[in-house]
Every structure is written in structure tokens, then in C-alpha cells.
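Undergrad: sequence and computational prediction follow.
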Amino acid sequence: MRDFSYFCSMSGIYIHIPFCKSKCGYCGFYSLPSLKLKERFLGALKEEMVTRKRYLKSETVNTIYFGGGTPSLLTVSEIDDLLHLINTHYPLAENHEITLEANPDTLSLDYLQALHKMGVNRLSIGIQSFFDEDLKYLGRKHNANHARQCLDWAKQAGFDNISIDLIYGLPTSDAKQWSHNLDIFFDYDLPHLSAYALTLEPNSILTKQIELGKAQPINEEDALRDYEILCRGAKENGYLHYEISNFCKRGMHSKHNASYWFGTPYAGFGPSAHSFDGASRQWNVSSVVDYCEAMSAVSHHCFVVPPRNNAKRVQEKEQLSPEQCYDEYVMLRLRTHWGIDLKWMKREMGERFSTFCEQHAQPLVAQGRLSQTREFLYLTDEQMLFADGVAEELFWE
């Protein structure tokens, strides 16, 4: 079943919380290892959420996602204030999804119970590993016992839509330990798993440690081995591999993340947050200070603030050409179980794009690098490893 009509009538809100207790060694996302600017940031964030309320053109909001950084560093009352603001200024779907990313070292049973009571109905917990040697290598602040404790607390608090992150391809782990990591996940009977191969971001702490010989280097063959174990284990335990890094029980995919892959409009608030309205992308500056200064200058409900005294713009924007829209569609949809819908492409983008795509796909299908049904082009588990290369060969010339 590759129907995706469900995704076409909703919009989403992403809120970037740019604070952490400390920076993890592998992290490449924008965040500050301090809460000194939190109060000022929250004021600026609320200003942006109100002044940009027309961005989604009054479309019904079906998903709200708190990402970061570490959103679970916010207090319950701070999260409640943000949700109240959204409820006041945006039309919400009746059963909208509210996801909060959380780190185990910030969680307690009382905190989780309060989140559940206020309406947060999905958790994404950054477990990363159930083994202490892995966590130490990654620079995580929690330990394996606390990781398990958090999952017990989340269930006790009433959450039934729980996702965890795991990282594979670690030099501190072998095939047996990675399999054990997955077995622990399966034993918890959680509905969703996000699993990522460890990659080295250019300016991350871990990259610098490896370059200086202070940390073990990573091995791509380990990642390939672990990916095969992951795909096999997920299938045996009834999980759908619906995106390169995401697995779920039937119907339990992340609605918010899936909307990115289906080109659904979404508004992103906070430093470094991205937005998409169907025809253009825009993104906020990756600086809490610049973001707060720009938002304090907003007046007359006009979000576009000209730079003053050589200050950075708070936001950049890119208008997408039809060819860029085609390339983005190909790239994003090939990451998913649903694949490229040629019939939809012909109807919505035009015959020249659907014909171009199908013609360029045929050599890839013949080579076994791409799969095809009557109306869809998609990648199998094995083919997903090379999704970027396949997408490049389908891009508009």
C-alpha cells in the first residue's frame, strides 16, 4: 500500500529549542551548552510564532514538533505556554500529534506525567545505546540504567507513542552488541525506532578527537554490517522500514517527519529552523543572539527585518524553480517506503517531468539499483544504502 493522500491536507509546526546541558561529541545541530539566554529566547520565539501566523495560510495544523537541542530542558510551564500560544493563533486538527524530543538525563517520572497531562502525546527519546561504553564514546551524559528507567517512566506516565534513537556503526560495539541493543528495543515493544549510522560532522568534538588520535576512528564496514542486522531484525519483529533511518509498527510512523518527505507546508520557529510553503524554503539564522535581536526589532507585525549596523538577516529565503521542486521530490521520496509516484508527478508537475523521470529510471531498474511497480519507483532495504547516488541520476539535467 503506497497511498499517501493522508499527508496532503495537513500542515506542521516545528519549534527549535537551541539549548543543551552540554554538546555531544557527534552532534552537528545548532545548540548552545548553556541556558543563560533561555528567557530572552522564549520571548523572541513567541514573537515569531505570533507575527508569522499567516505563513501557513490558515491551514489546519496537524503536527507540532519540539526539536533541538534538548527541548526537555524547558519546564512544563514553558512548554504549556508555547502550546497555548499555538492553540490561540493556529487552527489545530482534532487529533493533532505533539512530539517532544528528550534526553534521558533531563527526564523524571513527575516531568513525564506533567507532559502527558498537558497534551504532549509522542516522545522521541535520545537513548543512542543501552551500553555504557557506547554512551561514553558518544559523549552522552546518561548511563544505560537510566536509559531503561526513562522508558519505564514514560510508559508509567501514560505514553504509548514512544520513539527512541539508536546509533550504529560505533567502534565500541560489535555485531553481537548491536544485536543486543536492538533486542532490548524489541523487548520494550515500542512503536517506533530511529536508527542512524554514526557520521562525522566537520566541526564536531568527536571529529576533532579522532583527528588528534584521542578517539577510535569509525569504520564504514561496521556500519554496513549493523545496517543489515537492523533491517533483518526490524522485519522479523514486524516493523515497517518506512524511511532510510526510521522503522515503525503499522500506522505508527512519525506524522510530522513524514510531512517533510511529502512536501507538506510547515513553519519552523527558532534559530536555524527551516520552513516550507510549497513553493519556497526559508530558514532562520543559526545564532540565538542574532535571532533575539532581530525579533526584538519586529514591529507592525512585519517579520522581515532589514539588517542594521551590518547585523545578519534573521531569515534567508529561496524561491524554488519547477526543476528544483522536481529534484527535491525525487530526493525526499526515494528516502521513503512510498517512493516516487509517477502518476502524481504527471498530474501535479507535468508530463515533461514524469516522462524524464521514468526514462532515466529504466537503466537503474535494469541494473537492480531501483525497483518499479506500475506507478511507483522505490528502493528496497538493500537499495536504500545508495539512495543519494540513485537520486542524483534522476535529477533534472
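TA: Everything's here; your move.
Undergrad: domain assignment for this protein?
TA: As recorded under automatic domain parsing, the domains making up the chain are 5-261, 322-394.
Undergrad: which residues in the stretch 1-150 of the chain form strands?
TA: Assignment of strands within the stretch 1-150 of the chain using DSSP state E, counting those that start in this stretch yields the ranges 11-17, 61-68, 92-102, 122-128.
Undergrad: any chance of the ones you listed in JSON lines, with mean neighbour count too?
TA: For every residue, glycine as well, the C-beta is placed using N, CA and C. Below are these laid out as JSON lines (neighbours: other CB atoms under 10 Å):
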{"stretch": "strand 11-17", "mean neighbour count": "25"}
{"stretch": "strand 61-68", "mean neighbour count": "24"}
{"stretch": "strand 92-102", "mean neighbour count": "18"}
{"stretch": "strand 122-128", "mean neighbour count": "25"}
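Undergrad: to Ala366, which of those lies closest?
TA: Minimum separation from Ala366 across these (CB to CB) falls at strand 11-17, 38.0 Å.
Undergrad: distance from the chain centre to the closest one, please.
TA: Chain-centre distance of strand 11-17: 11 Å, with CA atoms, centre = their mean, to the nearest Å.
Undergrad: do the same with stretch 201-208
TA: 20 Å.
Undergrad: would you turn the strands of the stretch 1-150 of the chain into a markdown table with mean pLDDT and distance to Thr75?
TA: What follows is the strands of the stretch 1-150 of the chain, written out as a markdown table (pLDDT from 0 to 100; distance: least, CB to CB, whole Å):
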| stretch | mean pLDDT | distance to Thr75 |
| --- | --- | --- |
| strand 11-17 | 97 | 12 |
| strand 61-68 | 96 | 13 |
| strand 92-102 | 96 | 13 |
| strand 122-128 | 98 | 17 |
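Undergrad: now the helices for the stretch 101-250 of the chain?
TA: 109-118, 132-138, 144-156, 175-188, 205-211, 220-236 (DSSP state H, counting those that start in this stretch).
Undergrad: looking at those, which has the lowest confidence?
TA: Mean pLDDT is lowest for helix 205-211 among these, at a mean of 87.
Undergrad: pull out the buried residues from it.
TA: Within helix 205-211, the residues that count as buried by 16 or more other CB atoms under 10 Å are Ile205, Leu206, Thr207, Gln209, Ile210.
Undergrad: Ile127 versus the first one, what's the distance?
TA: The reference is to Ile205. 20 Å (CB to CB, to the nearest Å).
Undergrad: repeat that for the last one.
TA: Applying CB to CB, one obtains 23 Å for the distance of Ile210 from Ile127.
Undergrad: got the contact list for Glu220?
TA: Gly169 (CB atoms under 8 Å, 6 or more residues apart in numbering).
Undergrad: mind starting the numbering at 624 from now?
TA: All set: I'll call the first residue 624, so the last point we hit is now Glu843.
Undergrad: any weak-confidence spans in the stretch 824-973 of the chain?
TA: 922-936 (pLDDT under 70).
Undergrad: compare the domains of the chain and report which one is nearest to Val911.
TA: domain 628-884 (5.1 Å).
Undergrad: using a markdown table, lay out the domains of the chain together with distance to Phe892.
TA: Below are those laid out as a markdown table (distance: least, CB to CB, whole Å):
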| stretch | distance to Phe892 |
| --- | --- |
| domain 628-884 | 5 |
| domain 945-1017 | 22 |
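Undergrad: and of those domains, who's closest to Pro894?
TA: Closest approach to Pro894 among the domains of the chain is made by domain 628-884 (5.0 Å; CB to CB).
Undergrad: how far does the closest one sit from the chain's center?
TA: Counting by CA atoms, centre = their mean, domain 628-884 comes out at 8 Å from the chain centroid.
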